[in-house]
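Trainee: A structural model of the following input is requested.
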Amino acid sequence: QVQLVESGGGLVQAGGSLRLSCAASVSIFSSNAMGWFRQAPGKEREFVAAISRVGGSTSYTDSVKGRFTISRDNARNTVYLQMNKLKPEDTAVYYCAAAAYIAYMTSTPPRTNGWGQGTQVTVSS
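Mentor: Now for the predicted structure:
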């Protein structure tokens, strides 16, 4: 059974920072690239960032490059999303995901092996 549990969301002012965490089951974490997606009200879910299984490669959507950083701690089976310089347009529910490769997350539709339940991020102006 896939287990992905996000935490760290909340309300922050524009320009502030948040760090999201996603704890995964050992089986899913050790064999997959990990990533983050987000879904704003009335919009489709979109890719945000991904990191390869061993952490050597990353990918970001253009709108977050230079502001967000994805990382993973393979000893803790946890993936993080450090979000700096947050903007109101970053407001969304953020979902953790696992996939065999980074390319599977950026494909349309994404080919994932599991999703978390989501955590709300709200950025006030």
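Trainee: I'd say Val79 and Ala97 touch.
Mentor: No: the pair Val79 / Ala97 is not scored as a contact, 9.5 Å apart, by C-beta atoms under 8 Å. All C-beta atoms are positioned from the backbone trio N, CA, C, and that covers glycine.
Trainee: now do the contacts for the residue nearest to the spatial centre of the chain.
Mentor: In the chain, the centroid-proximal residue (C-alpha atoms, centre = their mean) is Trp36; its distance is 1.9 Å. By C-beta atoms under 8 Å, 6 or more residues apart in numbering, Trp36 lies in contact with Leu20, Cys22, Val48, Ala49, Ala50, Ile70, Val79, Leu81, Tyr94, Tyr95, Cys96, Ala97.
Trainee: now Ser125, nearest residue through space, not along the chain?
Mentor: Leaving out its chain neighbours, the residue that sits closest to Ser125 by C-beta to C-beta, 6 or more residues apart in numbering is Pro88, at 4.7 Å.
Trainee: quick one, phi psi at that neighbour?
Mentor: Backbone torsions for Pro88, taken as degrees, to the nearest 10, come to phi -60, psi -30.
Trainee: isn't it right up against Val121?
Mentor: No: contact criterion C-beta under 8 Å: Pro88 and Val121 do not qualify, at 10.8 Å.
Trainee: burial of the residue nearest to Ser125, as a residue count?
Mentor: 11 (other C-beta atoms under 10 Å).
Trainee: roughly how far does it sit from Ser21?
Mentor: 23 Å (C-beta to C-beta, to the nearest Å).
Trainee: do Asp73 as well
Mentor: From Asp73 to Ser21 the distance is 9 Å (C-beta to C-beta).
Trainee: one step back: need the contact list for the residue nearest to Ser125.
Mentor: By C-beta under 8 Å, 6+ apart, the residues touching Pro88 are Ala14, Val123, Ser124, Ser125.
Trainee: what's near enough to touch the first one?
Mentor: Contacts of Ala14 were listed using C-beta under 8 Å, 6+ apart, and they are Leu86, Lys87, Pro88, Val123, Ser124, Ser125.
Trainee: one step back: among the contacts of Pro88, which one has the lowest pLDDT?
Mentor: Looking at the contacts of Pro88 by pLDDT, the weakest one is Ser125, with 94.
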